[in-house]
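# Next one to model:
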Amino acid sequence: MPSLPTNTPENPSHPRILGLDVGSRRIGVAVSDLLGITAQGLATIHRQNKRLDFGQLEQVIREYQIQEIVVGLPLRMSGQEGIQAEKMQAFAEELRRRFHLPVHLWDERLTSAQANRLLRETDMSIKRRGEVVDQMAAVLILQSFMDSRQAPG
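All right, here's what the predicted structure looks like:
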């Protein structure tokens, strides 16, 4: 198996971050680039059962040498947590237990709507938009999280 690039002075890279938009049927997946500047979408995971879903996430975590995870937190427009937010808290806790990585919950209000709006502006078919909206939402969640870290304090 080929070795993955390491973080050396000749090969500078930031720890990679995984962004997830978790739904009941699909998990949108995004990963930060090696410089820690942009979020890039990966293939959406079509949920089957917990064992297979976490197996697919483990593959991504290993392949990209993920050091932290960001999970979209679906708050109500009022900012209050509802049942879906509670489910994401439990999902995040399971990620922490299984992978022993820091897991952050990030306000995802409007990311799916923003993803749909961005995709409507393309010439993409409605069917294809439906296939990539979760990926785009994961990219928006991760990018927002990364941008917040870059912002001057």
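
# Just confirm residue 37 is within a strand.
No. Counting by DSSP: H, G, I helix; E, B strand; the rest coil, residue 37 is not part of a strand but coil.

# ok, now which ones touch it?
By CB atoms under 8 Å, 6 or more residues apart in numbering, residue 37 lies in contact with residue 146. The way it works is simple: take the backbone N, C-alpha and C, and place the C-beta from them, glycine included.

# From the centroid of this protein, which residue is nearest?
Geometric centre of the chain, nearest residue: residue 19, 1.7 Å, by CA atoms, centre = their mean.

# Surely it and residue 40 touch.
No. Counting by CB atoms under 8 Å, residue 19 sits too far from residue 40 to count as a contact (9.6 Å).

# shared neighbours, those two?
30, 31, 32, 139.

# okay, these in TSV with pLDDT next?
As requested, the shared contacts of residue 19 and residue 40 are exported to TSV (pLDDT from 0 to 100):
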residue	pLDDT
30	98
31	98
32	98
139	95
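
# farthest-separated two in those?
Taking CB to CB as the measure, those span a maximum distance of 10.2 Å, between 32 and 139.

# so what's in contact with the two at the same time?
The contact sets of residue 32 and residue 139 overlap at 19, 39, 40 (CB under 8 Å, 6+ apart).

# Now render the residues you listed as a markdown table, adding pLDDT and distance to residue 46.
Formatted as a markdown table, the shared contacts of residue 32 and residue 139 follow (pLDDT from 0 to 100; distance: CB to CB, whole Å):
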| residue | pLDDT | distance to residue 46 |
| --- | --- | --- |
| 19 | 98 | 18 |
| 39 | 97 | 21 |
| 40 | 97 | 20 |
